[in-house]
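Q: Sequence first, predicted model second:
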Amino acid sequence: MVSAMAWAESPAQSLLVHLSSPSLSAWGASKDDQQLGQVLILLSQTESGRDLLRRAQKAFRLPTDERSEDRSLPRLDQNTWKSVVVWDHVSRTDAVLTRHFDSTTGEELRERQVSVHLKRGQSYSDLFFDLSHELTHAVAGPNWDPYDPQLTASRYVISALEAPGGEIDAIFVECKLAFEVAGNAGALGKEWSAHGLRCSRYLSNSQMDRNKIKAEFYRVGRWYSDLASELGEEKDFLPLLSGDSPKLYSSTGGAPYPVALVREYQEINMAACANSKKRLSSVTEANRRPAGTADSGEEYSSAISDQIRGKTEAFLRLRCAAPKS
Ligand SMILES: [Zn+2]
């Protein structure tokens, strides 16, 4: 599932971009909450699950469980996980990036807030695999920067799929867990062994093979020619891209991953360009006002204004050129 992203500018320009509009529900003692509690306990009983929980404890600074033998594990109760999990109509990971500019130094400060959205009303096994998939995304650091002047559609696709905590890693962890719980699968029911069966196609000599997962992600079937013409020369950076029938679809984009990711890149690019244009005009505007009359947080020395203007103009030149007709 694509790790959808949103971000806000601040303080003067708070533009929040959500790539999908979630309808959220509050936590309570719902069936989903209870099931999540069981899923967390099962995770804590597997090796890969414990590793994931430890990383989540660090990433979200969750309180640890003093009663557990392993003190690095987070507590597994509802209150602890309320700060991380949001019930939604589709499972995905959201990262909201906020930029603040220090008006005295011109330094850019960034805040990144990550939340795990889980589809409500799922079966126990689907919730288990969705949580492990999304947590794999959520505990990884950022792999790309929406304001990187060098970011392109193909670079975005590569980092979303191949970087640490990307889609390949998420499937890898899901499948490792499927094999680890396989011993209990008889007791847990058929659905669990079905997941393991789907994962068995990624095995080479009984070991999980990342290359097999990777090759599947680049199969786009009937989308191939449109995507290739959209990417132009950038297609060369994605050598595994193929017209073979797709096996993996993005749940948020409703298309094979590379297709959904290129669309997502275009939306991110539009938002980053709009934010940068606003930034440029607010710096220019603040400079025109007589000294001391600017709004708080938007008063810069001329050296700093020049610095911000220079960086923003470079970004606009590289990332925000008018589309070729
Ligand atoms: Zn995913």
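A: That came in fine, so what should we check first?

Q: Please enumerate the strands of this structure.
A: With DSSP state E as the criterion, the chain has strands at 5-9, 85-88, 92-101, 108-119, 203-204, 207-208.

Q: quick one: H133 and I168 touch, right?
A: No - if you go by Cβ atoms under 8 Å, H133 and I168 don't touch, sitting 11.4 Å apart. Glycine gets a C-beta too; all of them are placed from N, C-alpha and C.

Q: before we move on, back to that, compare the strands of the chain and report which one is nearest to the ion.
A: Across the strands of the chain, the minimum distance to the ion, taken as Cβ to the ion, is reached by strand 92-101, at 7.0 Å.

Q: List the neighbouring strands of that closest one plus their orientation.
A: strand 5-9 (parallel), strand 108-119 (antiparallel) (DSSP bridges).

Q: Ranking those by mean neighbour count, which comes first?
A: strand 5-9 (a mean of 21; mean count of other Cβ atoms under 10 Å).

Q: tally of neighbours for the residue in the stretch 201-325 of the chain that the ion sits nearest to?
A: Evaluated by Cβ to the ion, the stretch 201-325 of the chain has S250 as its residue closest to the ion, separated by 7.8 Å. S250 has 22 neighbouring residues, counting by other Cβ atoms under 10 Å.

Q: Could you tell me the model confidence score at it?
A: Note for S250: predicted pLDDT of 90.

Q: That one and A260 touch, don't they?
A: Yes - here S250 reaches A260: they are 3.7 Å apart, a contact under Cβ under 8 Å.

Q: Can you pull the phi and psi angles for T105?
A: phi -110, psi -20 (degrees, to the nearest 10).

Q: That one: what's it in contact with?
A: Counting by Cβ atoms under 8 Å, 6 or more residues apart in numbering, T105 touches I304.

Q: where does this structure have low pLDDT?
A: 1-29, 183-187, 286-300, 322-325 (pLDDT under 70).

Q: Helices of that one, start to end?
A: 31-44, 47-60, 78-81, 124-138, 153-162, 167-180, 182-188, 190-199, 210-217, 224-231, 257-288, 302-319 (DSSP state H).

Q: if you compare those helices, which one is most tucked away?
A: Mean neighbour count (mean count of other Cβ under 10 Å) peaks for helix 124-138 among those, with a mean of 23.

Q: My read is that P164 contacts N143, right?
A: Yes - P164 sits in contact with N143 when judged by Cβ under 8 Å, with a separation of 7.0 Å.

Q: Comparing these two, which residue is more hemmed in?
A: N143 (16 against 12).

Q: For the more buried one, which non-adjacent residue is spatially closest?
A: Computed as Cβ to Cβ, 6 or more residues apart in numbering, the closest residue to N143 that is not its neighbour in sequence is A163, at 3.7 Å.

Q: and what of R201?
A: Per Cβ to Cβ, 6+ apart, closest to R201 is K212, 7.0 Å.

Q: Who are the contact partners of that neighbour?
A: Counting by Cβ under 8 Å, 6+ apart, K212 has contacts R201, Y202, L203, S204.

Q: What's the ChimeraX line that selects buried ones from the residues you listed?
A: For the buried members of the contacts of K212, the matching ChimeraX selection, counting by 16 or more other Cβ atoms under 10 Å, is:
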select :202
